[in-house]
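1. My questions are about this predicted structure, shown below with the sequence.
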Amino acid sequence: MSDDNILVNIENLQFDYGGKPVLRGINMRIPKGRVVAIMGGSGCGKTTLLRLIGGQLRPTAGKVDVAGETVSDMNHAGLYAFRRRMGMLFQFGALFTDLSVFDNVAFPLREHTDLPPALIRDLVLMKLQAVGLRGARDLMPNSLSGGMARRVALARAVALDPALIMYDEPFTGLDPISLGVIGQLIRHLNDALGATSIMVTHDVQESLQMVDYIYFISEGRVVAEGTPDEIRHSRDPFVHQFVEARVDGPVPYHFPAPDWSHDLAAG
Amino acid sequence: MTRLLDFFRFLGAQVVERIWRLGYFTRFAVAVLFKSGAALVRFQLTLREIWFAGVLSLIIILVSGLFVGLVLGLQGYEILQRFGSAEALGTMVALSLLRELGPVVAGLLFASRAGSAITAEIGLMKATEQLKAMDMMAVDPVARVVAPRFWGGVISMPLLAALFSSMGIFGGWLIGVVFIGVDDGAFWSSMQASVDFRHDIWNGIFKSIVFGVAVSLIAVFEGYDSEPTAEGVSRAITRTVVTSALTILALDFVLTSFMFRGIS
Amino acid sequence: MNRSMLDLWVGFFVAIAIGAMLFLALKVSSFSGIEMQDAYTVQARFDNIGGLKIKAPVRSAGVLVGRVTDIHFDNDTYEALVEIRIDGRYTFPKDTSAAINTAGLLGDQYIGLQYGVDERALSAGDTIKKTQSAVVLEQLISQFLFNKAAEGQDKE
């Protein structure tokens, strides 16, 4: 893989939160046009990683390069210019509750372009059509189901045709049908826009069907990586535990505690 | 001995925490002012917040103003007629409303009606990651969400205070002139003779502007700084109302002592 | 809430609030010192000004004609020097006298102007020569008691 084909390059990324290390040296190279999943248990720093790529947090050490530029070196204006070429889907959509579906999708267009209202209307309806919700344009977010809200948020995230799209737990709390719909949409939008997608998730089965490459993170480090085929046939105990959803394994069932007999005797 | 040290450590931590928060609040206030461009240029954003802070507070302000005026009329008459100067009722009602009750009571009502709503709205936007999402869309939440709400509050507050005072004077007139029978001409002329525009009315408006700035700033700060959970938002709302009320009363004392010092 | 309704309500709100402010300005209050036209300033010396304050009214025949603008102590003559601003619409003879009166028994003190007979008019910078100091109630009462006591002694 040649260097200019790499969109996101993460080198030895470390991050401490309140003196506690969250990420302890992550290395990733994400090529253009791919859909990449980052997996790991709850609280392993996946969301933190996305926020570091988006520049909402600053790394303690190491760096994140996007399209050849180091995110943490950008000033405020540079960071905002960079984020206009980036879309992000938040865990529960994060739709603006005071705006209708139409106005939510129109929001980035109205804030960042001087397009005439008629053109904005066409663009918004196009995006809503792509997620199948053109008919829901006048609804308010509180009358949408979880899956629909996620699709509207997706339409909003791609409103400005971003080069990089990030997804924070896109499958959480969805029924199987909505889950499949969102999965297909992510793949489809990525290929149609020629974008690159980074998806943070712990939904193994859905991800294995649609992504190009998978990273496993545990305790702040990349513990395994590979294409879906490699992951399925991996002998790595962590991957095995995760994919097969075993209770105990490299990720212990018990929170670290003193010896059980010792605790009983102390009572 | 260790208890004493613990006490000093506790005291020190409290003081440091308070000062740190005050500094954070000041930086936030400066940021809001510097990022007010969009709120004032795209005035439609602020107009919406005037609707929320001002128009929606109209009912409570008008009704409370009327009742405060009615009570002032009754009590004022009761006291003044003992000294045989019931004609001074207009003066008493107008001066107490314009100088103190108008700005202060309208400010307290504004804090509990509009201030708490502003905190709740911003706090919920934070709790549901809307502010983060906006930031990731390269739209500054302080400029787009906080500043219009701040200016909406600042603009609404003096208008509400003026309405409150007018309603109160109307209430005093209703009780004094219509129900009790104080002379209509004496009511208004004694009022006009002793209420000075610059000294009484302008100072009252100035007070209400100061209270508007204070309450709006506290409300947007508490919302923006709230813990992003349901519990955190409800705590932030309580803090907005309590801090606003204390700030209004303290500021009122300071302003009054400057404005009316050495003048009868 | 669509946009035109919102605009309408905000417009309505601002309009009635401005109406309320106009009501306060025109019906409830008076402008002190603002409505005076081509006002001129004269001075008056008093032995005792009692409780006279800056901004106290200046009246002639009961009508408000000006305001007290400054009061200070003249260390050469040991008198109070009072500056009065009089509305330019009113002229007074040069030998007009000024007295410090009290509105009612316990009311605020004001300056009353009693016109003279001089043909020349009082103009800016002039000093009113004839003045009558404030009546100090305590002095009046003690004087009264003293006289009563003296009368009682005479009878014996």
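-> Yep, it's here.
2. How about the stretch 51-200 of chain A: which residue is closest to chain C?
-> In the stretch 51-200 of chain A, no residue comes nearer to chain C than residue A:98, which is 10.1 Å away by CB to the nearest CB. Bear in mind the C-beta positions are built from the backbone N, C-alpha and C, glycine included.
3. per-residue pLDDT, that residue?
-> Listed pLDDT for residue A:98 reads 87.
4. Averaging pLDDT per element, find the lowest-scoring helix or strand in the chain.
-> Going with chain A. Taking mean pLDDT, DSSP states H and E as the measure, chain A has helix A:237-244 as its least confident helix or strand, at a mean of 76.
5. Please determine how far the nearest residue in space to the residue of the stretch 51-200 of chain A closest to chain C that is not next to it in sequence is located from chain C.
-> In space, not counting the residues next to it along the chain, residue A:98 is nearest to residue B:121; the distance is 7.7 Å by CB to CB, 6 or more residues apart in numbering or on different chains. For residue B:121, the distance to chain C under the criterion CB to the nearest CB, to the nearest Å works out to 15 Å.
6. now residue B:121: how far from residue B:152?
-> Taking CB to CB, to the nearest Å as the measure, residue B:121 and residue B:152 are separated by 11 Å.
7. and these two? which has more neighbours close in?
-> Under the neighbour definition other CB atoms under 10 Å in any protein chain shown, residue B:121 and residue B:152 were set side by side, and residue B:152 has more, 27 against 20.
8. Quick check: the more buried one touching residue B:44?
-> No - contact criterion CB atoms under 8 Å: residue B:152 and residue B:44 do not qualify, at 11.5 Å.
9. Count the residues that sit near the spatially closest residue to residue B:184 that is not a sequence neighbour.
-> With sequence-adjacent residues excluded and distances taken as CB to CB, 6+ apart, residue B:184 is closest to residue B:177, at 5.0 Å. Using other CB under 10 Å, the number of residues around residue B:177 comes to 19.
10. Then residue B:115?
-> Burial of residue B:115 is recorded as 32 neighbouring residues (other CB under 10 Å).
11. Show the contacting residues for the residue nearest to residue A:98.
-> Residues counted as contacts of residue B:121 (CB atoms under 8 Å, 6 or more residues apart in numbering or on different chains) are A:98, B:149, B:223.
12. that older thread, check which element follows the least confident helix or strand of chain A along the chain.
-> Elements were assigned by DSSP states H and E; along the chain past helix A:237-244, the next helix or strand is helix A:260-266.
13. which residues sit against that next one?
-> For helix A:260-266, the external contacting residues (CB under 8 Å, 6+ apart) are residue A:257.
14. got the phi/psi numbers for the residue nearest to residue A:98?
-> Torsion angles at residue B:121 (phi, psi; degrees, to the nearest 10) stand at phi -60, psi -50.
15. Need the pLDDT of it.
-> Per-residue confidence at residue B:121 stands at 94 (pLDDT).
16. How is chain C divided into domains?
-> Using automatic domain parsing, the domain parsing of chain C gives C:1-30, C:40-142.
17. Next, see if the longest one gets close to chain B.
-> Yes - under the criterion of CB under 8 Å from any CB of the partner chain, chain B is reached by domain C:40-142 at C:53, C:55, C:108.
18. if I read this right, the second one contacts residue C:66, doesn't it?
-> Pointing back at residue C:55 there. No - shown here, residue C:55 and residue C:66 do not form a contact pair, counting by CB under 8 Å, at 10.8 Å.
19. Compare the two (neighbour count), which wins?
-> Each of residue C:55 and residue C:66 has its neighbours counted (other CB under 10 Å); residue C:66 has more, 23 against 13.
20. where does the closest residue to residue B:171 other than its chain neighbours land in three-state SS?
-> Once flanking residues are discounted, residue B:171 sits nearest to residue B:69: 2.3 Å by CB to CB, 6+ apart. Look at residue B:69: counting by DSSP: H, G, I helix; E, B strand; the rest coil, its state is helix.
21. coming back round to it: quick check: the residue nearest to residue B:184 is in a helix.
-> Yes - judged by three-state DSSP, residue B:177 forms part of a helix.
22. tell me the contacts of it?
-> With contact taken as CB under 8 Å, 6+ apart, residue B:177 is in contact with B:183, B:184, B:187.
23. Among those, which one sits closest to residue C:29?
-> Of all the contacts of residue B:177, the one with the least separation from residue C:29 (CB to CB) is residue B:187, at 14.2 Å.
24. Quick check: the gap between residue B:33 and residue A:194.
-> Residue B:33 sits 42 Å away from residue A:194, taking CB to CB as the criterion.
25. got it, and residue B:79?
-> Applying CB to CB, the value for residue B:79 to residue A:194 is 81 Å.
26. Counting neighbours around each, name which of the two comes out higher.
-> Under the neighbour definition other CB under 10 Å, residue B:79 and residue A:194 were set side by side, and residue B:79 has more, 13 against 10.
27. Residue 82: neighbour count?
-> Looking at chain A here, since you left the chain open. Neighbourhood size, residue A:82 [other CB under 10 Å]: 19.
28. The intended chain is chain C.
-> Here the count is done by other CB under 10 Å, and residue C:82 has 25 residues near it.
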